[in-house]
Structures are given as structure tokens and as C-alpha cells.
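# quick one, fold the following:
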Amino acid sequence: MQFFLLFYFKVAHGIKAKNAVLIIFSLLFYAWGDPAYIVLLLCSTILNYVSGRLIDMYRDRFFAKFVFGLSLFVNIGMLVVFKYTGFIMENINSIFSLDLYVPDIKLPIGISFYTFQAMSYTIDCHWDSVKVQKNYFRFLMYISLFPQLVAGPIVRYSDIENELTDRKSTPEDISEGITRIVIGLAKKAVIADSLYPIVQNFFEKKDLAQLSVAGTWYAVVLYAMYVYFDFSGYSDMAIGMGRIMGFHFNENFNYPFLCKDVTEFWQRWHISLGSFFRDYLLYIPVFGKRIPTLNLFIVWFCTGLWHGASWNFVLWGLYFGVFIYIERLIGKKRMKKIPAAVKHIFNKIIIVVGFGIFYFEDFGKLGVFFGNLIGLNGNALIDETVRTSFVNNLFLITAAVIGCFPVKNLFKTDDESSEFKIASFGTMKIVYTVLLLAVSTVLLVDSTNSPFLYFRF
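As a prediction, the model looks like this:
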């Protein structure tokens with residue numbers, strides 16, 4: 001990272017040179033993690049760049065539609081081949097009692113993210129909602145931007161179109177970027193990496209059915225917070241790194257656990273993925289016309305499947321789709337009449353149970369998990385292990401709960417703030433950032449490698 005910043009800010013002069021440095025380091029970054037599949041990344045950029053040019057050249061002609069359809073087919077085909085081939089073959093063998101070969105294909109890092117970015121560009125070109133990028137290297141830079149390449153957020157071309165050729169890194173950008181990176185690092189190193197071992201200690205027991213009701217709820221609540229801090233932590237770091245270079249990526253999380261209903265949760269959680277499916281799939285005609293209910297469940301089927309080649313992810317997506325559909329049936333006016341406390345309690349239960357579905361890929365264990373939640377397996381209501389774990393990790397759990405709230409907004413000032421207030425809040429922000437960095441560094445020194453969860457997707 002130090003070498004990149006040195007070259008980017010000290011060696012490279014002018015936007016073209018900075019873009020060249022960014023492309024080189026982005027490709028080196030990807031090759032470091034997955035050298036065999038850098039060719040696949042380059043092929044994806046060439047395919048979608050050429051598709052965009054051809055769509056623009058032959059606009060409103062059949063050939064443009066053919067190229068657009070072909071690009072979608074190839075992009076989706078790449079995902080199917082590299083991410084879902086084994087899953088498909090396993091299900092064929094299971095359904096038809098066959099013994100066909102199931103290939104073990106290594107999943108290219110970040111393929112779900114950069115493929116969706118490329119698809120969003122070609123779709124927008126087809127809809128004529130963005131100007132076609134005529135410089136291949138700028139398009140390559142857009143797809144390969146290393147801060148968000150391997151685990152998002154999914155950045156739309158339209159969001160940074162102008163910044164590919166005209167951007168500046170102001171002192172405010174650099175300050176905000178560094179703060180955001182440190183916050184993301186702390187979410188990962190201080191909170192997420194400390195929560196996950198606790199979850200494993202409860203959910204990876206030899207006899208899951210013996211886990212108490214309280215222990216099951218305790219573990220799944222911690223797992224929900226773990227996923228949030230792990231993924232939002234990476235998004236914070238990506239947004240912060242982009243900000244240092246003058247890019248302004250959209251937010252990917254907006255304190256989702258503050259939601260008043262399940263629909264709002266998904267407006268705050270993994271925003272870039274939700275907006276992708278909403279804009280490109282929810283309103284697409286099926287069998288010649290748009291069928292709202294069918295489109296809704298297609299979206300949530302795809303949302304679940306996007307997360308992994310396993311039926312529990314599909315179930316997870318459809319599970320949330322059902323509750324969002326129910327909220328639509330109730331209607332916004334009637335939803336507003338429900339007491340806020342009732343809505344908060346109800347949707348938090350739905351959300352937390354959903355993360356249990358996300359965790360257990362084995363349906364047998366998932367069934368035990370559901371039974372444990374309400375004591376159907378004859379498991380105890382509470383046990384000493386839960387009490388001990390809660391007391392021993394009270395400080396961590398408190399920090400995690402506080403971290404689910406917009407604490408950083410406490411340090412915001414406006415144009416009407418006094419100089420003293422601005423200076424005081426600025427000092428507190430620096431102290432807060434340095435403290436987080438120090439704690440994160442100490443925890444990282446002795447830690448084992450703990451990759452971000454969404455590197456899997």
C-alpha cells in the first residue's frame with residue numbers, strides 16, 4: 001500500500017499517469033491473490049468494452065440487441081461455470097440418482113462483484129443511460145479498481161464516470177478516507193474477528209441439539225453482528241481508499257439494524273447489490289409483461305443464489321422475499337400504524353433467524369437450529385456456558401451494539417458551528433481514529449489470517 005501511495009501521489013503527475021499507476025497496482029493486487037484468473041478478469045473487460053462500443057455503433061439495430069444479449073449470456077455463463085457448475089452437477093446426481101463427475105472449480109476472487117459491474121455497464125449502454133467509454137484502459141481501470149474489486153461495493157459506471165478522467169484528492173478527501181479505512185479496519189480486527197470464535201464455539205459443537213435456547217439465540221445474534229461488521233468493514237475500507245484517490249463510491253451499508261421493518265433493512269444492507277437487482281431485474285417483463293409478485297421472488301431467488309452455490313442461500317433469499325411480500329400486502333399506511341416497538345422486535349427476530357439460515361449450509365443442522373430456537377429438541381432454556389460467555393465478552397458485545405449505531409455522526413459539524421466546536425470535534429475525531437488504529441494494530445500482530453467473509457462470493 002505504501003508503494004502504491006508513493007507512486008500515485010509522488011511519482012505520477014497528471015490524471016493519465018495516475019490512472020496508469022492505478023491500473024498496474026490493481027492488476028498486481030488481483031494477481032497476488034489469484035494469479036491464474038487474472039486472464040479471466042481481462043477477458044471480461046475486453047468482452048464488455050467491445051460490447052459497449054458495438055451497442056453504441058449499431059444502436060437501434062438488431063445487431064446491437066444481438067451483441068447486448070450475447071454479452072449478458074457470456075457474463076452470466078462465466079458465473080455459472082466458475083461458481084455453480086459443481087452445485088448444478090451435485091443436484092443432477094441427486095435428482096436422477098446418477099454418478100456424474102462433479103468438477104472442483106476454484107472460485108475466482110471477486111467474480112460476482114466485477115461481473116455485476118461489467119453487466120451494469122453494458123445494460124446502461126443498451127438503455128442509453130450512460131455515454132459509452134471509448135478508451136479501453138479507462139474501462140479496465142473502472143472494472144479492476146483494487147479497493148472494491150474483490151468484495152465490493154458494486155460500483156456503477158455512472159457513479160464514477162466523470163472521476164475516471166477528472167478527479168482531485170483534497171486534504172478533506174484524504175482525511176475522510178483515512179478515517180474511514182481505520183473505522184473499517186477496527187470493525188474487522190476488533191469486533192468481527194472477536195465475535196466469530198464465540199459463534200463457532202456454540203454452533204460447531206459436536207451435538208448441536210444440546211445447545212440451549214438462550215445459547216442458540218445468543219450465538220445467532222452474534223453471528224448477525226459478525227457478518228455486518230465483517231462486510232461493512234471491508235466496504236468502509238474500500239470507500240475510504242477510493243476517497244483518498246478522489247473517487248466517491250456510494251455507501252453500501254446504512255446502519256441496517258436500525259430498520260423499522262424488513263423492507264427497510266434491505267434498503268440499508270448491501271445497498272449496491274439490492275439496487276442492482278431492483279434496477280435491472282425487478283421491473284423486467286417476464287413472458288412479455290411485468291408480474292410484480294413473480295419479479296419480486298425472482299429477485300430474491302437471485303439474491304440468495306448470488307451469495308453462494310448452496311440451497312441454504314436460496315432459502316435465505318426467498319425467506320426475506322416472503323416477508324417483504326407480506327409487508328407489501330399490509331401496505332405502508334397500515335405498517336405505520338403498528339407500534340414502533342412491536343415493529344422493531346418483530347423485524348429483528350426475522351432478520352436474526354435469517355442469518356441462521358445463512359450460516360447453516362447443512363439442512364440437517366439447519367433443522368436442529370430451528371428446533372433449538374424454541375426448545376423443540378428438548379434442549380434447556382439456558383445453561384452456564386451462555387452466562388459465562390456473555391459475562392466474559394460483555395465489553396465486546398457492548399462495543400458491537402454501540403457500533404451498530406451512527407457513532408461517527410457525533411463528530412459532525414455544520415456551517416453554523418463555532419470555531420471552538422469545530423476544533424474540539426476535530427481533535428476528538430483524531431483521538432478516536434488513532435485509538436481505533438492502535439487497538440486494531442495490536443490485535444492484528446498476533447492474529448492468524450482471517451479473510452473477509454465476502455471474499456467467498
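# against V407, how distant is A340?
Using C-beta to C-beta, to the nearest Å, A340 is found at 22 Å from V407. C-beta coordinates here come from the backbone N, C-alpha and C atoms, glycine included.
# settle it for me: which of these two has more neighbours?
A side-by-side neighbour count of A340 and V407, using other C-beta atoms under 10 Å, places V407 first with 12 against 9.
# pLDDT at the more buried one, what is it?
You'll see V407 listed with a pLDDT of 76.
# list the contacts of it.
With C-beta atoms under 8 Å, 6 or more residues apart in numbering as the criterion, no residue contacts V407.
# now stretch 356-375: buried residues?
For stretch 356-375, the neighbour count (16 or more other C-beta atoms under 10 Å) marks 356-360, 365-366, 368-373 as buried.
# what's the span of that stretch, first residue to last?
Using C-alpha to C-alpha, to the nearest Å, one end of stretch 356-375 lies 16 Å from the other.
# so which residues make contact with that stretch?
Taking C-beta under 8 Å, 6+ apart as the rule, stretch 356-375 contacts 199, 203, 208-209, 211-213, 215-217, 220, 223, 227, 307-308, 310-313, 315-316, 319, 353, 376-377, 379, 381.
# got it, and stretch 294-313?
Residues contacting stretch 294-313 (C-beta under 8 Å, 6+ apart): 83-84, 86-87, 112, 273-274, 277-278, 281-284, 286, 314-318, 320-321, 324-325, 328, 357-358, 360-361, 363, 366, 456-457.
# so how far is it from its chain's centroid?
Computed by C-alpha atoms, centre = their mean, to the nearest Å, the separation of stretch 294-313 from the middle of its chain amounts to 15 Å.
# any buried residues in it, and which?
295-300, 302-310, 312-313.
# tell me the secondary structure at V130.
Here V130 is coil, with the state taken from DSSP: H, G, I helix; E, B strand; the rest coil.
# residue contacts, it?
121, 124, 157-158, 161.
# any idea how far it is from R61?
19 Å.
# ok, of the contacts of stretch 294-313, which come out buried?
Buried, going by 16+ other C-beta under 10 Å: 83-84, 87, 112, 273-274, 277, 314-318, 320-321, 324-325, 357-358, 360, 366, 457, out of the contacts of stretch 294-313.
# for the residue nearest the centre of the chain, which residues are in contact?
Centroid-nearest residue in the chain: H270, 4.9 Å away (criterion: C-alpha atoms, centre = their mean). Residues in contact with H270 (C-beta under 8 Å, 6+ apart) are 152-153, 231, 252-253.
# which one of these is nearest K188?
F231 (9.4 Å; C-beta to C-beta).
# check for me that the closest one belongs to a helix.
Yes - under three-state DSSP, F231 sits within a helix.
# which secondary structure element of the protein has the lowest mean pLDDT?
Across the helices and strands of the chain, mean pLDDT, DSSP states H and E gives its lowest value to helix 419-445, namely a mean of 72.
# buried set for it?
429, 432-433, 436-437, 440, 443.
# low-scoring stretches of this protein, by residue?
In the predicted model, the chain carries pLDDT under 70 at residues 1-2, 150-152, 206, 286-288, 408-426, 446-457.
# run a quick neighbour tally on R156.
22.
# on that earlier part again, give me the subset of the contacts of stretch 294-313 lying in strands.
Using DSSP state E, no member of those falls in strands.
# now, these that are in helices?
Of the contacts of stretch 294-313, the ones assigned to helices by DSSP state H are 86-87, 112, 273-274, 277-278, 314-318, 320-321, 324-325, 328, 357-358, 363, 366.
# which of the contacts of stretch 356-375 count as buried?
Using 16+ other C-beta under 10 Å, the buried members of the contacts of stretch 356-375 are 199, 203, 208, 211-213, 215-217, 220, 223, 227, 307-308, 310, 312-313, 315-316, 319, 353, 377, 379.
# one step back: ok, of the buried residues of stretch 356-375, which one's closest to G69?
F358 (33.2 Å).
# how near is K333 to V262?
17 Å.
# neighbour-wise, which of the two wins?
Between K333 and V262, counted using other C-beta under 10 Å, V262 has the larger neighbour count: 24 against 7.
# which residue ranges form the helices in the stretch 51-200 of the chain?
Remark: helices assigned in the stretch 51-200 of the chain by DSSP state H, counting those that start in this stretch are 62-79, 85-96, 111-126, 136-144, 157-160, 171-186, 193-203.
# between those helices, which one is nearest to F29?
helix 136-144 (8.5 Å).
# which ones are touching G184?
232-240.
# hmm, try it at 7 Å
233-234, 236-237, 240 (C-beta atoms under 7 Å, 6 or more residues apart in numbering).
# that one and G33, how far apart?
18 Å.
# same check on V199?
25 Å.
# now do I244
Taking C-beta to C-beta as the measure, I244 and G33 are separated by 21 Å.
# related to what we said a few turns ago, redo the buried residues of helix 419-445 as TSV? Include distance to G77.
Below are the buried residues of helix 419-445 laid out as TSV (distance: C-beta to C-beta, whole Å):
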residue	distance to G77
K429	48
Y432	47
T433	45
L436	43
L437	43
S440	41
L443	42
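# just name the closest of those residues to T385, please.
Closest to T385 out of the buried residues of helix 419-445 is L443 (24.5 Å), distances taken as C-beta to C-beta.
# ok, and the closest non-adjacent residue to the closest one?
The shortest distance from L443 to any non-neighbouring residue, by C-beta to C-beta, 6 or more residues apart in numbering, is to A189 (4.9 Å).
# what's the spacing between whatever helix or strand V221 lives in and its chain's center?
Element membership of V221 [criterion: DSSP states H and E] is helix 213-244. Chain-centre distance of helix 213-244: 10 Å, with C-alpha atoms, centre = their mean.
# what is the subsequent helix or strand relative to that helix?
helix 262-268.
# can you tell me the SS state at G378?
coil.
# now it: closest residue in space, sequence neighbours ignored.
Nearest to G378 is A209, by C-beta to C-beta, 6+ apart, at 7.7 Å.
# that neighbour: what's it in contact with?
Neighbours of A209 in contact, by C-beta under 7 Å, 6+ apart: 368, 372, 377, 379.
# distance of it from T216?
10 Å.
# before we move on, what about S158?
44 Å.
# what's the answer for G246, then?
As for G246, its distance to T216 is 47 Å (criterion: C-beta to C-beta).
# also V132?
V132 is 53 Å from T216, by C-beta to C-beta.
# how about Y30?
From Y30 to T216 the distance is 40 Å (C-beta to C-beta).
# what of T179?
Separation of T179 from T216 (C-beta to C-beta) stands at 37 Å.
# same thing with F257?
Computed as C-beta to C-beta, the F257 to T216 distance reads 19 Å.
# N48 reaches S120, doesn't it?
No - the criterion here is C-beta atoms under 7 Å, and N48 misses it with S120 at 9.8 Å.
# looking at the helices of the stretch 51-200 of the chain, spot the one closest to G52.
Between these, helix 111-126 lies closest to G52; by C-beta to C-beta that is 4.5 Å.
# cool, thanks, talk later.
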